[in-house]
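> give me coordinates for this.
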Amino acid sequence: MISGGDLDNAAYTYCTTMQALLECAPSLDACVGDVEAGLAFMRRIGSGNMVEFFQPYQWVIDALRGEGPTTGEPVYMAGYGNTPLASLIAHSIQAMAAAIFGDQAALERHTAEALPLLA
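Numbering: from 1, shown residues only. Coordinates of the predicted model:
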């Protein structure tokens, strides 16, 4: 894809890979390099939308590793009002984190925000 000039789709493959890594990687440490590489590539090609899609993965990995907040709205959420897919990804990942950390209120809030975006 990169050699063919399809940079946005090449960037999107990082999202697919990250979803699989979150489910199957032997440790969260194994995900860190891919998050950093993905964000660096997306920024290098100037794909702001893809950065929006990918930031929630960085947030959840940091939270699960104890290196970031586990509750509250991440700063990047403020700009997602006009990007439904980015909002869906962010709310889905935050709902997952809320379930893991036992935050019922956040789980319900993010689930309620994500459901209409599936239609």
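
> buried residues in stretch 110-119?
110-111, 113-114 (16 or more other C-beta atoms under 10 Å). For every residue, glycine as well, the C-beta is placed using N, CA and C.

> return the distance of the helix or strand hosting Ile93 from the chain's centre.
Following DSSP states H and E, one finds Ile93 within helix 84-101. Its chain's C-alpha centre and that of helix 84-101 lie 8 Å apart, by C-alpha atoms, centre = their mean, to the nearest Å.

> so Ala114 makes contact with His91?
Yes - between Ala114 and His91 there is a contact at 3.9 Å, judged by C-beta atoms under 8 Å.

> got the angle between the helix or strand encompassing Leu107 and helix 84-101?
Per DSSP H and E: Leu107 is located in helix 104-114. Calculated by axes from the mean of the first three to the mean of the last three C-alpha atoms, to 10 degrees, helix 104-114 forms an angle of 160 degrees with helix 84-101.

> give the other helices and strands that helix 104-114 contacts.
Using 3 or more C-beta pairs under 8 Å, 6 or more residues apart in numbering; DSSP states H and E, the elements in contact with helix 104-114 are helix 84-101.

> what is the helix it packs on packed up against?
Going by 3+ C-beta pairs under 8 Å, 6+ apart, helix 84-101 lies up against helix 48-64, helix 104-114.

> so which of the ones you listed is nearest Ala97?
With distances scored as C-beta to C-beta, the stretch of the helices and strands packed on helix 84-101 nearest to Ala97 is helix 48-64 (5.2 Å).
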